[in-house]
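In: have a look at this fold, sequence not included:
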C-alpha cells in the first residue's frame, strides 16, 4: 500500500522497550497519514460469491481503481485428467465443469469423439439430447434470474427461481437418474429412452416456467430499484467483448448477433428448429439480465416445439464395445447456457484422448473483469459480478 | 434394452478399419476460401495448412505468429478469441519405466511420436482458435516452439483476452510469451515448480497412492478372462 520514499531523510529511531523500530515498522506508522488507495479483498470465502472467486479491489474512496480476480482455488486439472481416462470416463469429468448445466457439457465432448469416429447418433437420440440441453439451459439460467435479484438485495425472486428450477431438475432426474450430474450421453447416442408420461409432464412444466418468466418480467425487470441498480452499469462494448472471448448471452447483450446454435457448425437438431436469437444494444447489466430472460422463454418454446416433432426409433447407434477413437483432431463447440463451450480433442488412436483442450465460457467471460470494473462504485461491483454470471467450476476447470 | 447391448457388440476389426479411412468429408468451399485469403496475406509464412472437420488448421512459422493474429483479426474479421493453449507431442513416459507394471488403469497411448493435423517440427506447439462473429468461420492456428527455449510472441495487443490464456499456457507448459505484460501464475500457487500439462509431469495423485481400481481388476470386455466372453 504505502512504500518508503528513498529520498526522504531517515526517520530517527525511537527508543521503545525491545529495541529500535525497524524501517518496515516506520512505514507501517505512516499508513495512517496516507490518504491513498485502500485494498479490499472480496472472497475467496464470502456468502455473496458463488464459489471461490477472490477479487482484490483497489479503491479510491468509493470508486474502484483496479481489480484483479484471483482464480484457481478450485482448479481440478481436468485437461491433465482426461489424458489418464478413457473416452466414456471423460464424460463423467466434463459433467463437473459447469455443474448447473452438466448435460450441456457432455454434448460437445461426445460430439468430438463421434466426429472422429465417424459415428452419428440416431435422430431420436439427437432430439432427446437437444431437449435435455435446453432443459439444462432453463435450469441454469432460471437460477440466475432469481439469484441476480438476490445479490441486489431482493429476496423474493430467489425463492421463485429455486422453486421452479426444481420442476426442471425433476424432469432431468426422471430421464437420467441424476439431478446435477446426469452422465447420460454415450458415444453414439444415449443411455436410455424417455420414461413413460414424461412428455406430458414436460409440457406442463414448460407452461409453468413460461408463467414464471412473466413473473420475473414484472417483479424484477419492471422494478424501478432493479433498473436503477443495473442500467448503464458495467457496459461491455461488443467488439471489445469479442476480443476478450466473452461469449453467450453476455456478448449478445452487447448487440453482437451471434449464436452457435444458429450460426456455428450444425450440431444436434438446431438447424431443423425455428427460434429467435435475442440481442440487446445496451451492453449493460440490465441488458444481460433481459437477454437471459428472453432466452429462457425461447428455450421453453424450443422444448415444446421438439416434443411435437420427436421422431421414433432407437437411441443408440452401432458402436464397438471398446471405444477406440481413430487418430485425428476435432474441435467441437456448442452454445451453452454460459457461452461458448468447446473441446479440442487430439486422439492418437487409443482408448483415451492424447490431449484435450477445454474451452470453457466463464474463464473468458471473467477475464474481462479487470477492464470492466475500472471506475465503477463498490456496490456496482456486485452488480457486475452477478450479471456476468459465471460458475466457478467453469472458470477453474 | 436387449438390442442396445447387442448394438455395441461390433467386431474390433471395424475400429481398425476406421483408422485407415481418410478423415473428413470433401473440402468445404468456405474453408478453402478462408485458406486462400490467409495464403494471400501471409504468403510463405504458412508452413502447412489443412482442413479438419470443417475447420481451417493453419501452421505458421514462429516469427509470423503475431502477424497471423493481426491478419486474422483485420483481414478475416476473426474478432472473437476462443482460446490459446499448447500441445506436448511427446508420448508420456510410463510410470516406473517400461518393465514396471505401473499404472495400468489409464489408456495405453502409442509410444512413437506422431504429429497431428498440419504437422509439427518438434515436441511443443502453441495453438489457438479464433472465430468471426459476423462471418461465422473459425481458424485454428498452430506454431512450432523450440524445445530448449520455448517461447512465442504474445497476442495480447491484438486480442486482450489472450492475457489469461497465455498465463495459463506459460504455467502449464513452461512456454514463455514475449511482450506479455504480466506473465505470472494464474491457477497454481506462485511457488509451484514444474509444468503440469507437460507429458513428463506425472499425475501426482496416482504416484502417491495407487489407483484403487488396481486392487480389484476386472477384465475388459473381449479380453482374456472376461466372463461374458465378449467380442463374439
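Out: Okay, I see it. Only a predicted model underlies this, so the values are computations on that prediction, with no experimental measurement involved.
In: what segments of chain B are strands?
Out: Here chain B has its strands, by DSSP state E, at B:46-52, B:55-60, B:80-88, B:124-131, B:138-145, B:151-153, B:176-178.
In: make JSON lines from these and add distance to residue A:313 to it.
Out: Every residue, glycine included, has its C-beta placed from N, CA and C. Converted to JSON lines, the strands of chain B look like this (distance: least, Cβ to Cβ, whole Å):
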{"stretch": "strand B:46-52", "distance to residue A:313": "30"}
{"stretch": "strand B:55-60", "distance to residue A:313": "30"}
{"stretch": "strand B:80-88", "distance to residue A:313": "34"}
{"stretch": "strand B:124-131", "distance to residue A:313": "34"}
{"stretch": "strand B:138-145", "distance to residue A:313": "32"}
{"stretch": "strand B:151-153", "distance to residue A:313": "49"}
{"stretch": "strand B:176-178", "distance to residue A:313": "50"}
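In: which one of these lies nearest to residue A:254?
Out: strand B:80-88 (12.2 Å; Cβ to Cβ).
In: partner strands of the closest one, with direction?
Out: strand B:124-131 (antiparallel) (DSSP bridges).
In: now the angle from the strand it pairs with to strand B:138-145?
Out: 160 degrees (axes from the mean of the first three to the mean of the last three Cα atoms, to 10 degrees).
In: what is the mean pLDDT for strand B:124-131?
Out: Mean pLDDT, strand B:124-131: 92.
In: ok, stretch A:212-220 next?
Out: Throughout stretch A:212-220, pLDDT has a mean value of 89.
In: which residues sit against it?
Out: With contact meaning Cβ atoms under 8 Å, 6 or more residues apart in numbering or on different chains, stretch A:212-220 is reached by A:142, A:145-146, A:148-149, A:154, A:156-157, A:160, A:164, A:226, A:289, A:293, A:296-297, A:300.
In: which pLDDT value belongs to residue A:292?
Out: Confidence at residue A:292, expressed as pLDDT, is 92.
In: just for chain A, where's the confidence low?
Out: A:1-35, A:45-51 (pLDDT under 70).
In: repeat that for 50
Out: A:1-2, A:16-19 (pLDDT under 50).
In: what do you get for chain B?
Out: Using pLDDT under 50, the flagged stretches of chain B are B:1-24, B:96-102, B:229-232.
In: which single residue of it ends up nearest chain A?
Out: Taking Cβ to the nearest Cβ, chain A has its nearest neighbour within chain B at residue B:107, 3.2 Å off.
In: export the strands of chain B to a markdown table and tack on mean neighbour count and distance to residue A:368?
Out: Output for the strands of chain B, formatted as a markdown table (neighbours: other Cβ atoms under 10 Å in any protein chain shown; distance: least, Cβ to Cβ, whole Å):
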| stretch | mean neighbour count | distance to residue A:368 |
| --- | --- | --- |
| strand B:46-52 | 19 | 29 |
| strand B:55-60 | 24 | 25 |
| strand B:80-88 | 26 | 11 |
| strand B:124-131 | 25 | 17 |
| strand B:138-145 | 24 | 21 |
| strand B:151-153 | 21 | 22 |
| strand B:176-178 | 17 | 19 |
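In: name the single longest helix found in chain A.
Out: Using DSSP state H, we find that the single longest helix of chain A is helix A:123-151.
In: now do the following helix or strand past it: which elements does it pack against?
Out: Using DSSP states H and E, the helix or strand that follows helix A:123-151 in sequence is helix A:156-176. Where contact means 3 or more Cβ pairs under 8 Å, 6 or more residues apart in numbering or on different chains; DSSP states H and E, helix A:156-176 is packed against helix A:123-151, helix A:198-216.
In: residue A:332 in helix, strand or coil?
Out: At residue A:332, secondary structure determined by DSSP: H, G, I helix; E, B strand; the rest coil is strand.
In: how many residues are close by it?
Out: Residues near residue A:332, counting by other Cβ atoms under 10 Å in any protein chain shown, number 24.
In: before we move on, back to that, which of the contacts of stretch A:212-220 are buried, as a PyMOL select command?
Out: Applying 16 or more other Cβ atoms under 10 Å in any protein chain shown to these, the buried members can be selected in PyMOL as follows:
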select buried, chain A and resi 142+145+146+148+149+154+157+160+164+226+289+293+296+297+300
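In: of the contacts of stretch A:212-220, closest to residue B:195?
Out: Using Cβ to Cβ, residue A:148 comes nearest to residue B:195 of those, at 38.3 Å.
In: what helix or strand is residue A:300 on?
Out: Using DSSP H and E, residue A:300 falls in helix A:285-309.
In: the inter-axis angle of that helix versus helix A:156-176?
Out: Using the same axes, to 10 degrees, helix A:285-309 lies at 30 degrees relative to helix A:156-176.
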